[in-house]
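[1] Fold the following.
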Amino acid sequence: MRSESDRFIPETKATLLRNGKIWTSALNGTEVIYGDVLLDKGLVKAIGYIPHRLLASIPKDQLHIQDLQGSWVTPGLVDIHSHIGVYSLPELDGASDGNSYKGPILPWLRSLDGLNTHDESYALAIAGGVTTAQILPGSANNIGGQSFVIKLRSTAERSAISKVIEPPYTLNGTDYDPSLPPRWRHMKHACGENPSRVYSATRMDSAWAFREAYNEARKIRDAQDAYCEKAKQGLWKGLGTWPEDLKWEALVDVLRGRVKLSVHCYEPVDFDGIVRLSNEFKFPVASFHHAGSAYLVPDLLKQTYGGTPAVALFASNFRKKREAYRGSEFGPRILADNDIPVIMKSDHPVVNSRYLLNEAAVAFYYGLPANLALSSVTSVPAQAAGLSHRVGSIQAGFDADIVIWDSHPLALGATPKQVYIDGIPQFMTPHLSPKPDTFQTVPKTPNFDREAKEAVEYEGLPPLFPHDGGDVIFTNVKSIWSDVGDGLAEAFNEDEAETSSSVFVRGGKVECIANQGVSTSCMPSELSGKVEAIDLEGGMLSPGLTTFGSPIGTVEIRLESSTNDGTVFDPLREAIPTILGATDTVVRAVDGLQFGGRNTLLAYRSGVTMAVTAPSGTGFWRGLSVAFNTGAKNALQDSAVVQEVASLHVGLRKGDTASVSTEIAALRNLLLSGKAASAFTAAAQGDIPLIIDVESVDIIATLVRLKDEVEAKTGKPLRLSLAGAAEAWHVAAELGRANIGVILKPSKSFPVTWDERRILAGPPLTYDTPLTTLIENNVTVAIGVRDEFAARNTRFDVAWAALESNGRIGKSQAMKLATTNLERILGVNVSPSQRSYVAWKGGDAFDMTSKAVAVFSAIGGLRLL
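    Numbering: from 1, shown residues only. Okay, the predicted model is just below:
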C-alpha cells in the first residue's frame, strides 16, 4: 500500500474527519461505516476506527480535526465523460479545442494538448463534488483522439500535465515501472449522426473508416510481433528497424489491450457495428457513452470482445437528435437489471458537471437502486477508466478525494459542505443552506415498474397520452392548493392536521374536502361504490406548473428540421419576404404549434400542464408567444390553446450579425414608431408584455434606461421583463424599482457565454443566489428552461431553488416561481376554470417521493396518467 500519493503537496496538513456516515462504495455500494476518516500524505490512511499510532505519528500542529456530526461522506465523484478545459467556459473561439475537423480518423490527437487550465468550470464542478474527470475529444470524428483523466483542483504548476492522473508511460518519455499497476491510455471513438453530419457521410462510411484504420494498426502490430519473434530466435541479420508509425501507435496499443476505449454510440445499429468491429480486430471496449437505446439491446452489448462494457448515460437529456429519440429515463435501471455496469455522466458542458450527482439522483428516482446510483458516479466510472485502484472508493491507500454532503447524496439538492482533492480542502469558507432532517436518509422513490416495462415493450416509444377519467375520490391527501382568485394558496397541509383528507372531484372540479378523521368521504351517498378511489398515500393536490424558455411545442427533434416549426426571419439578418407584408410583421407561435410531442407529453406527465412558447429564433427578432395545454391532442381541442397571444419577444446579445447598439436602436424605433397595428406599439402602450432574452448586465442596464425613455414619451407603463438574465442580479435593486420582471433560465447559474460569465454561483460557493437576490429586491421572479427535455424537471428546479435559499424562499414563494409569477410576467391570464391541478401520489409535488397520477380542470375534466 502506498505511504504517500504521487500527487501529495508537502505543505498539506493531515485531516481527521470525525463522526461521519461514510459510504465507501464497497460491497457493491452497500457498505456504510459510521466513524472517522484520516487523510494524510494525499491518501486515505484509515476509515472507521483510527488507530492511535497513526494519530500519534502526526504532529498536533499538522493535524486538522473536523467533527462531521453525522454528515454523509462519499468518495469524490468521477465524471467519465467531460469536455472541461477543451470546451472552456465561457465559450470563446480561442478556447474551443474539443474537435478537429481534419478527418474522421485521428487517433494521434490528444485532448491534453488543448486543455485550458483557466476554464471557469473547474471550480463549479468541484462545488458539485466532482474531483476526477475524463477529458474526451468531441464526437465529430469516428476516432477523435486520445483522452486523459485529470484531477480538477488547481495546481501550483498551472499546467495541463500537472492535472493528469497517472500520465501514460508513452507521454513525455515517462519510464515504465513494473512494480506499479499498469498506466492505462484512453481514447475516444464515435459513431452515428455526429461524424456523418460533419463529413457528409453515412454509417457505412463510418464502418469502413473504422475498419481501414484498425487494419493499418493491425499491420503494424503484426509486423512488430514478427520482429520480436525473429529477435527471440536470434535472427538478427536483416531484421531492420523496429516497425512503428507515430500516427498509428495509439491504435496499435488499443489492439494490445492497453487502452480504455470510450465509444460514443446511441442506437442498436451502431452498437452492432462496434461489437462486430471489436470481435474482428480483437480489442475490448471500456464503455459505451450516451447510449440512449442501449437498454433495448443488453444481450448485444455482452457480445463485445473482452467482456461487457459499462454504459454511460444521461438521466433525462434525450430526443435532441433522431438517434437519441428512443432514450429513456428507465434505461439505467433496465441495464442494471441485465447486469450491465451503469455510469451517469455529464458530457460537460452539455450538462453542467456541477450537477453530475443529480444525474445519479434522477436515475435513482426512476428506479436505479440507491447503491448502484451512487456507484454510477464513483466506483463504476473509476473502474471503466482503469483507476479503481486509487479513486472512486474510500479505502486505505486510495487518493484522499472526499466529499462531505449536507444531506443524503441522493436527496434532491444534495450539496457539498467540503470537498478534498488529494487531501486538500477546496473551499476556504463554504456557504451552507440547512436541509430538513428528512433529507438525511435515502428518499423512498415511486414505483415505475409499469413504465419501465412499457419502455422496452414499445421499444422506447411507449404511449404517453393520458386517459380520460370520470369522477374520482382522492384519499389520504396531505396537502391541497387552490386558486383563491388573487393567487394560489395552500388550503390544507399536513402540518396543520393530524389526519389526511379525502377529496371528491366531479367534472374536473373539487366538490368537497372531508377530513378522514371525521368522515371517510363527502361525496353523495348514491355515488358510493360507483366512483373510482385513488389512494394518494400522503400525497398532494397542487396547481399544474408552467414551463417557459424552450421551443417545446414547436420543436420535436431539434436537429431534424422536418420535425420543427423552423426559425423566424430576422430583419437584422436577412431580407423579409415581401409576401409577409410590412417589415415589422410579427410571427405568432400559435400558428406553428404541434401537439403530442414526447417532450411535451412527458412534461405533462410530470405535472407541467401549461407551456408558454415563443417563435424559434436566435437573433433579435422573435415574435408573439402562445400559452397552451401540454396534454392536448391538437389545437382544436377544448382548452388546448390557453391564450393565443401571451407576450412579444425579442433577443439582445453580443456576437450577432448586428451590433447590440444597432439592436437597441431598432427596438427603440419599433416601440416609438406609433404604428397602430404594430405589436411593438401595443407593447409600448402597455397592452402586452415585452420579454427580452438577454444575459449581460451591461445590456440590462441599457434596457432599464430605455424603459424610462419609452414611458416618458408614451405616458404608459412598459411591461418589460427579462428572460435568461444570468447577470440580472447585479442590478436587482434597479430592476425592483423599475418594476422589471425576471425569468431565470436556466434556474441554476452557468457561465456558458461571455454575457453570462458574471454569475452568482450559490451554495457552497456563495450564500446568495440570483433568485434570493432578486426576490429580496422586490423583483417579480420566475424560472424557466432552455431545453425541451428539461421542462419535465421543473418541479425539481423549483424545489432546488428553495432548498439553497437558506430558508428565504418558502413553499408559497416557490410555487409562484413556475405558476403565477410566470403567468404574470408573460401576460397569461388563467381563469379558475382553466387552471389545471395535479394529483401527486406518495408525497409533495416538490420532492423525490412522489409521482403524478392524474390531472384535472373544470374545462378539461379529469385525466389519468
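[2] Can you tell me the closest non-neighbouring residue to Glu280?
    Arg211 (7.3 Å; C-beta to C-beta, 6 or more residues apart in numbering). Just so you know, the C-beta spots here come from the backbone N, C-alpha and C atoms, and that holds for glycine as well.
[3] Is it correct that that neighbour is in contact with Leu277?
    Yes. Counting by C-beta atoms under 8 Å, Leu277 is a contact partner of Arg211 at 6.8 Å.
[4] Those two: which is more packed in?
    Per other C-beta atoms under 10 Å, whichever of Arg211 and Leu277 has more neighbours is Leu277, with 20 against 16.
[5] Could you list which residues are in contact with the more buried one?
    Leu277 is in contact with Ala207, Phe210, Arg211, Tyr214, counting by C-beta atoms under 8 Å, 6 or more residues apart in numbering.
[6] Most neighbours out of these, which is it?
    Highest count within the contacts of Leu277 by other C-beta under 10 Å belongs to Tyr214, 25 neighbours.
[7] Flag every buried residue along stretch 200-209.
    Within stretch 200-209, the residues that qualify as buried are Arg203, Ser206, Ala207, Ala209, counting by 16 or more other C-beta atoms under 10 Å.
[8] Could you do stretch 475-487 as well?
    For stretch 475-487, by 16+ other C-beta under 10 Å, it's Thr475, Asn476, Val477, Lys478, Ser479, Ile480, Trp481, Ser482, Asp483.
[9] Take these and write them to JSON lines, including distance to Asp67 and pLDDT.
    Shown next, in JSON lines, are those (distance: C-beta to C-beta, whole Å; pLDDT from 0 to 100):
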{"residue": "Thr475", "distance to Asp67": "45", "pLDDT": "91"}
{"residue": "Asn476", "distance to Asp67": "40", "pLDDT": "92"}
{"residue": "Val477", "distance to Asp67": "41", "pLDDT": "93"}
{"residue": "Lys478", "distance to Asp67": "36", "pLDDT": "92"}
{"residue": "Ser479", "distance to Asp67": "36", "pLDDT": "90"}
{"residue": "Ile480", "distance to Asp67": "42", "pLDDT": "92"}
{"residue": "Trp481", "distance to Asp67": "41", "pLDDT": "90"}
{"residue": "Ser482", "distance to Asp67": "46", "pLDDT": "86"}
{"residue": "Asp483", "distance to Asp67": "48", "pLDDT": "82"}
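[10] where are the low-confidence patches of the stretch 51-200 of the chain?
    172-174 (pLDDT under 70).
[11] all strands for it, in order.
    Taking DSSP state E, counting those that start in this stretch, the strands of the stretch 51-200 of the chain run over residues 63-67, 72-75, 77-82, 130-135, 143-151, 185-190.
[12] could those strands go into JSON lines alongside mean neighbour count and distance to Asn99?
    Shown next, in JSON lines, are these (neighbours: other C-beta atoms under 10 Å; distance: least, C-beta to C-beta, whole Å):
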{"stretch": "strand 63-67", "mean neighbour count": "14", "distance to Asn99": "43"}
{"stretch": "strand 72-75", "mean neighbour count": "26", "distance to Asn99": "31"}
{"stretch": "strand 77-82", "mean neighbour count": "30", "distance to Asn99": "15"}
{"stretch": "strand 130-135", "mean neighbour count": "30", "distance to Asn99": "13"}
{"stretch": "strand 143-151", "mean neighbour count": "26", "distance to Asn99": "7"}
{"stretch": "strand 185-190", "mean neighbour count": "26", "distance to Asn99": "10"}
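[13] for the ones you listed, which one sits closest to Ala799?
    strand 72-75 (19.0 Å; C-beta to C-beta).
[14] what's the closest one packed up against?
    Here strand 72-75 touches strand 14-23, strand 402-405, going by 3 or more C-beta pairs under 8 Å, 6 or more residues apart in numbering; DSSP states H and E.
[15] which of those strands is buried the deepest?
    Comparing the helices and strands packed on strand 72-75 by mean neighbour count (mean count of other C-beta atoms under 10 Å), strand 402-405 ranks first with a mean of 26.
[16] Which parts of the stretch 501-650 of the chain are strands?
    So, for the stretch 501-650 of the chain - with DSSP E, counting those that start in this stretch - the strands run 501-506, 509-515, 532-543, 545-548, 608-613, 621-624, 626-629, 641-643, 648-651.
[17] deepest of those strands, which one?
    Compared across the strands of the stretch 501-650 of the chain, strand 545-548 shows the largest average neighbour count, a mean of 30 (mean count of other C-beta under 10 Å).
[18] and that strand, how far out from the chain's middle?
    Chain-centre distance of strand 545-548: 18 Å, with C-alpha atoms, centre = their mean, to the nearest Å.
[19] cool, and stretch 788-799?
    For stretch 788-799, the distance from its own C-alpha centre to the chain's C-alpha centre is 10 Å (C-alpha atoms, centre = their mean).
[20] and Thr15, what does it touch?
    By C-beta under 8 Å, 6+ apart, the neighbours of Thr15 are Leu38, Leu39, Asp40, Leu63, His64, Ile65, Gln66, Ala400, Tyr420, Gly423, Pro425.
[21] Can you tell me who the residue lying closest to the third one once chain neighbours are set aside pairs with across the strands?
    Among residues not flanking Asp40 along the chain, Ala14 sits closest, at 3.9 Å (C-beta to C-beta, 6+ apart). Here Ala14 shows beta-bridge partners Leu63, assigned using DSSP bridges.
[22] Ala14 reaches Leu38, doesn't it?
    Yes. Applying C-beta under 8 Å, one finds Ala14 in contact with Leu38, separated by 7.0 Å.
[23] any residues in contact with both of the two?
    Counting by C-beta under 8 Å, 6+ apart, the shared contacts of Ala14 and Leu38 are Lys45.
[24] Can I get the helices and strands packed on strand 72-75 in CSV including mean pLDDT and distance to Asp175?
    Formatted as CSV, the helices and strands packed on strand 72-75 follow (pLDDT from 0 to 100; distance: least, C-beta to C-beta, whole Å):
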stretch, mean pLDDT, distance to Asp175
strand 14-23, 98, 31
strand 402-405, 98, 31
